[in-house]
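>>> What shape does this take:
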Amino acid sequence: MLINISMSNKTLIFLNKNESDKIKRDVRWWDLYAKLSPILYITIGLVLWYFGSVDWQIIAGVGAGAFAMTAVTWWFWTVHTIGEIAQRTAKAETSVQSVLSEIREIKDLVKDIRNT
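Modelled structure (predicted):
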């Protein structure tokens, strides 16, 4: 009796570790930016205001603009990253379903061999 079991690697997903590391690195940069930028901005703004170089309304306006640009940039980065993670999750789910299907086929073949 000849049993032909095809175990192809084309259905397996190999997670790209570089992509995962890139996301982690980006998150660390956003975290650092979120912590340091307000402190630096307030410090520089207070120094400029104290020495009378810039009026407080200009400092507040520039700060509001910088905040808005940061929020929009972060939003697009977040949406892109979530989409990428969702795509990778869908690929992984497809691969797991394929592997489960192949395991069921092997299980049925083993049952057939035992019954014969």
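
>>> now the helix ranked longest in the chain, how far from the centre of its chain.
As assigned by DSSP state H, the longest helix anywhere in the chain is helix 56-115. Relative to its chain's centre, helix 56-115 lies at 7 Å (Cα atoms, centre = their mean, to the nearest Å).

>>> Let's test this: mean pLDDT of that helix, rounded?
Across helix 56-115, pLDDT averages out at 93.

>>> elements contacting it?
helix 17-50 (3 or more Cβ pairs under 8 Å, 6 or more residues apart in numbering; DSSP states H and E). Every residue, glycine included, has its C-beta placed from N, CA and C.

>>> tell me the contacts of the residue nearest to the spatial centre of the chain?
The centroid of the chain falls nearest to residue 81 when counting by Cα atoms, centre = their mean (4.1 Å). Contacts of residue 81 were listed using Cβ atoms under 8 Å, 6 or more residues apart in numbering, and they are 23, 26.

>>> measure it to residue 22 for me?
Separation of residue 81 from residue 22 (Cβ to Cβ, to the nearest Å): 10 Å.

>>> Repeat that for residue 59.
Going from residue 59 to residue 22 by Cβ to Cβ gives 35 Å.

>>> So which of those two has more stuff around it?
Using other Cβ atoms under 10 Å, the more surrounded residue of residue 59 and residue 22 is residue 59, with 18 against 13.

>>> In space, what's closest to the more buried one - neighbours in sequence excluded?
Leaving aside its sequence neighbours, residue 59 sits nearest to residue 45 (Cβ to Cβ, 6 or more residues apart in numbering; 4.2 Å).

>>> ok, the one you found - contacts?
Each residue near residue 45 by Cβ under 8 Å, 6+ apart is listed here: 54, 59, 63.

>>> From these, pick the one nearest residue 28.
Nearest to residue 28 among those is residue 63, at 24.1 Å by Cβ to Cβ.

>>> I'd say the closest one and residue 37 touch.
No: with contacts counted by Cβ atoms under 8 Å, residue 63 stays clear of residue 37, the gap being 10.0 Å.
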